[in-house]
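Asker: Here is a sequence with its predicted model. Questions after.
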Amino acid sequence: MFQENVFCFTPKGSVIKLPKDATAIDFAYAVHTKIGNSAVGCEINGNKSELQTILRNGDRVNIITSKNNSPSLHWIPTTKTGKARAAIRRYWHDKGEQKEEKTKKYNTTLWMSLPDKPGQLGDISSLIGSHKLNISSLEMVGKNPNYINFKFKLIIRNLKNFTNFIAELKQKSIKFKIIRHEEKRNAFTQKILKYFKKN
């Protein structure tokens, strides 16, 4: 059992148990995920060493960190612990999600008149999804014997997808109107109403 593990020490003397052939990267993540994610180098027994250096029993390891550093995906093949590999993957997965969130979004409202027949609303919702648009809210705004009017609030991440969706609505001869900046317009209307109430 002892031959399959190595026991290393932090600068303060805490013992870190690692599998055989573990590297300083594994050591850094064993101490704390933040240490691993910000590691830029290490000292082993007082000597500067590479993070990929394989550790031996009794090594005293000091991890050098930098706030501006990110873990490298190239570290994964040299690590021996699942914790280190999972933390590196999670870091880049989270970075990817943050990048997506920062991608510019466009909001628009679409007024649409649909035939009063079963399945029409479902068909349009599927069509919106097939063009990679998101519905943030849906409201029924009127009805006559043959048609029901809806107001779709859409989140658009790609204007080309929205353009293709509009082209398909035209092909299907669906009555629609694009209402931009509706919230700002409503806010303006509310201000006018408040003004008249005061006077």
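Answerer: Received the coordinates, thanks. Just so you know, these numbers come straight off a predicted model, no measurement behind them.

Asker: Next, find the distance separating the nearest residue to residue 76 once chain neighbours are set aside from residue 145.
Answerer: Spatial nearest neighbour of residue 76, excluding adjacent residues (Cβ to Cβ, 6 or more residues apart in numbering): residue 85 at 5.3 Å. (C-beta placed from N, C-alpha, C; glycine too.) Noted for residue 85: a distance of 63 Å to residue 145, by Cβ to Cβ, to the nearest Å.

Asker: more crowded one of these two?
Answerer: residue 85 (17 against 5; other Cβ atoms under 10 Å).

Asker: So what sits opposite residue 42 in the bridge?
Answerer: Under DSSP bridges, the beta-bridge partners of residue 42 are residue 49, residue 63.

Asker: tell me the contacts of it?
Answerer: Counting by Cβ atoms under 8 Å, 6 or more residues apart in numbering, residue 42 makes contact with 24, 27, 28, 48, 49, 50, 51, 53, 61, 62, 63, 64.

Asker: quick one: pLDDT of it?
Answerer: Residue 42 is assigned 96 on the pLDDT scale.

Asker: Repeat that for residue 91.
Answerer: 91.

Asker: quick revisit: can you give the distance of the helix or strand the residue nearest to residue 76 falls within from its chain's centre?
Answerer: With elements taken from DSSP states H and E, the one containing residue 85 is helix 82-102. Its chain's C-alpha centre and that of helix 82-102 lie 9 Å apart, by Cα atoms, centre = their mean, to the nearest Å.

Asker: quick one: buried residues of that helix?
Answerer: Applying a neighbour-count criterion of 16 or more other Cβ atoms under 10 Å, one finds 84, 85, 87, 88, 91 buried in helix 82-102.

Asker: ok, now stretch 51-61?
Answerer: So stretch 51-61, judged by 16+ other Cβ under 10 Å, has buried residues 51, 53, 55, 59, 61.

Asker: hang on, the earlier thing: quick one: which of the buried residues of helix 82-102 is nearest to residue 16?
Answerer: Nearest to residue 16 among the buried residues of helix 82-102: residue 84, at 12.2 Å, using Cβ to Cβ.

Asker: unless I'm mixing things up, residue 21 is touching residue 78, no?
Answerer: No - Residue 21 is beyond contact range of residue 78, at 9.5 Å (criterion: Cβ atoms under 8 Å).

Asker: Comparing those two, which shows the higher neighbour count?
Answerer: Legend: neighbour count by other Cβ under 10 Å for residue 21 and residue 78, higher for residue 78 (19 against 13).

Asker: Strands along the protein, start to end?
Answerer: Secondary structure of the chain (DSSP state E): strands at 5-9, 15-19, 39-44, 47-49, 61-65, 106-115, 134-143, 147-156, 175-179.

Asker: related to what we said a few turns ago, make a markdown table from the buried residues of stretch 51-61 and add distance to residue 41 and pLDDT to it.
Answerer: Output for these, formatted as a markdown table (distance: Cβ to Cβ, whole Å; pLDDT from 0 to 100):
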| residue | distance to residue 41 | pLDDT |
| --- | --- | --- |
| 51 | 6 | 94 |
| 53 | 10 | 94 |
| 55 | 15 | 96 |
| 59 | 15 | 96 |
| 61 | 11 | 97 |
